[in-house]
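Provided below are the primary sequence and the corresponding predicted coordinates.
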Amino acid sequence: MTRKAPRHAEAERNDQALLEAAKKVLAVDGAHASVAAIAARAGVGIASLYRRYRSKDELFQHLCALSLDQWIQAAERGLAHDDPWEGLAHYVGACVEFSGGSLGPLAGTIAVTDEMAARFTRSDELMRELVERAHRAGVLRADAGTMDISLLIEQLGKSSLIEQLDRQGRTDLVDAAREARRRTIAIALDGLRAGHPPLPGGEPDPALLTGRWDHSPPDGTLVPTRPS
């Protein structure tokens, strides 16, 4: 197996640290999150950061692409399960655990790159395959679709209790909070199983999530996009 050059391996470690730091800082500061705050939380020097990324937007675009990679990996591992329900449950649980949708505060503040769009398309394809497979097996309620699951993941991924305890430095309670979140995920997943009464209304339109990523460049032209 080819070993990665030390500099490349360090860059990858920094990327992952920055991604995790960005999720935490964005959860508190929203779109006003500063690069300095993210770098400090990640333990990455601000000077070295700007040697690699030309702007705050470029950094955030890269972090969004990395986040989409996590969605793709979760879906691929879900599809590797022989059991359609277990595969879907793995996908939902994994996405919640890595706080899928936590970069949502960036929606509409940065332009969507071709790289981001391509990864979203792949992520969307894999998720649809997971959902269609579960529907064909009769284990996923017929009136639940990809948008329902995307919204469920985003809402469950925003675990204010864990974030609050983390900010307070209450490491003694964080494990219990994570266990409580796993129970909440299990409760939510049970609601997706076939056999329940119909859900109210119809499946939300995809524009409910994707529309927030519309970005107006300086010339005022609206650019429709579809990232996570």
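Cool, the structure landed.

quick check: residue 27 touching residue 102?
Yes. Judged on CB atoms under 8 Å, residue 27 makes contact with residue 102 at a distance of 6.3 Å. (Each C-beta comes from the backbone N, C-alpha and C, glycine too.)

ok, residue 16 - how many residues close by?
By the criterion of other CB atoms under 10 Å, residue 16 has 12 neighbours.

tell me the first helix or strand C-terminal of whichever strand or helix holds it.
For residue 16, the enclosing helix or strand under DSSP states H and E is helix 6-29. Moving toward the C-terminus from helix 6-29, the next helix or strand (DSSP H and E) is helix 35-42.

could you name the helices and strands sitting against that following helix?
With contacts defined as 3 or more CB pairs under 8 Å, 6 or more residues apart in numbering; DSSP states H and E, helix 35-42 has these neighbours: helix 6-29, helix 46-52.

list the buried residues in that helix.
Neighbour counts over helix 35-42 (16 or more other CB atoms under 10 Å) mark 35, 37-39, 41-42 as buried.

pull the residues that contact it.
Identification of contacts with helix 35-42 by CB atoms under 8 Å, 6 or more residues apart in numbering yields 14, 17-18, 20-22, 24-25, 29, 45-46, 49-50, 56, 59.

quick one: it to helix 6-29, angle?
Interaxial angle, helix 35-42 versus helix 6-29 (axes from the mean of the first three to the mean of the last three CA atoms, to 10 degrees): 110 degrees.

residue 195 versus residue 27, what's the distance?
Using CB to CB, to the nearest Å, residue 27 is found at 35 Å from residue 195.

give me the more crowded residue out of those two.
Neighbours were counted for residue 27 and for residue 195 using other CB under 10 Å; residue 27 has more, 23 against 7.

name the nearest residue to that one, ignoring sequence neighbours.
residue 163 (5.2 Å; CB to CB, 6 or more residues apart in numbering).

quick one, grab the pLDDT at the one you found.
What the model reports as pLDDT for residue 163 is 72.

for residue 5, same thing?
The model reports residue 5 with a pLDDT of 60.

what's the answer for the one 10 residues further on, then?
The predicted structure scores residue 15 at 84 on the pLDDT scale.

what about it, neighbour count?
18.

could you shift the numbering so residue one becomes 38, and keep it that way?
Right, with 38 as the first residue, what we last looked at is residue 52.

find the residue closest to residue 170 in space, skipping its chain neighbours.
For residue 170, ignoring the flanking residues on the chain, the nearest one in space by CB to CB, 6+ apart is residue 121 at 4.7 Å.
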